[in-house]
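Q: I would like the atomic coordinates for the input below:
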Amino acid sequence: MIVLDTDTLTLLFQGRPRVLNRLQAAEQDVATSIITRIEVLQGRFAALLKAADAAQLQQAQQRLEDSEKQLSKLPVFPIGRAAAQQFEQLLRNRKLKKIGRGDLLIASIVLAQKATLATRNLRDFQQVPGLKTENWAD
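A: Next comes the predicted model:
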């Protein structure tokens with residue numbers, strides 16, 4: 001199982017050839033996490049609220065609808081019991097204090113699923129013990 005991080009999912013939505021090719025070549029199932037879903041939709045909602053004119057409003061609305069449609073095509077892993085326990089363990093690791101809460105939640109979900117995380121943010125995620133990562137973008 002491959003779980004797409006927010007950065008990789010965004011590149012997929014943009015149609016980046018390298019990410020599209022990796023997705024097509026993936027021999028495993030591909031999913032994302034509830035945290036990534038939240039992060040993508042938060043960005044779309046923020047764009048709607050910040051739109052300065054009618055054209056920006058319409059563009060933001062279309063991007064929101066497109067993102068919701070694209071997200072509906074992927075399984076989304078929630079924060080289940082195993083992920084919550086993983087998160088609690090990661091919070092106790094002092095070496096991980098600099099990693100953002102959202103990233104720790106994503107890592108917890110991926111660890112609980114015994115999956116691999118596709119992300120460009122290797123600097124942070126490679127610090128998480130036992131987390132397998134791949135960079136599909138570079």
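
Q: Could you say which helix or strand holds L64?
A: helix 54-71 (DSSP states H and E).

Q: which parts of that helix are buried?
A: Residues 60, 64, 67, 71 are the ones in helix 54-71 that count as buried (16 or more other Cβ atoms under 10 Å). Heads up, the C-betas are built off the backbone N, CA and C, glycines and all.

Q: Equivalent analysis for stretch 77-86, please.
A: 77, 79, 83, 86.

Q: Ok, stretch 115-123 next?
A: Buried, per 16+ other Cβ under 10 Å, within stretch 115-123: 115-121.

Q: Just those: which are in strands?
A: 116-118 (DSSP state E).

Q: what would the residues you listed look like in a markdown table with distance to M1 and pLDDT?
A: As requested, these are arranged in a markdown table below (distance: Cβ to Cβ, whole Å; pLDDT from 0 to 100):
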| residue | distance to M1 | pLDDT |
| --- | --- | --- |
| T116 | 7 | 97 |
| L117 | 10 | 98 |
| A118 | 11 | 97 |
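
Q: Dump these into CSV; add distance to G102 as well.
A: Output for those, formatted as CSV (distance: Cβ to Cβ, whole Å):
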residue, distance to G102
T116, 19
L117, 13
A118, 16
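
Q: returning to what we had before: what is the most widely separated pair among the buried residues of stretch 115-123?
A: By the measure Cβ to Cβ, A115 and R120 form the most distant pair in the buried residues of stretch 115-123, at 17.1 Å.
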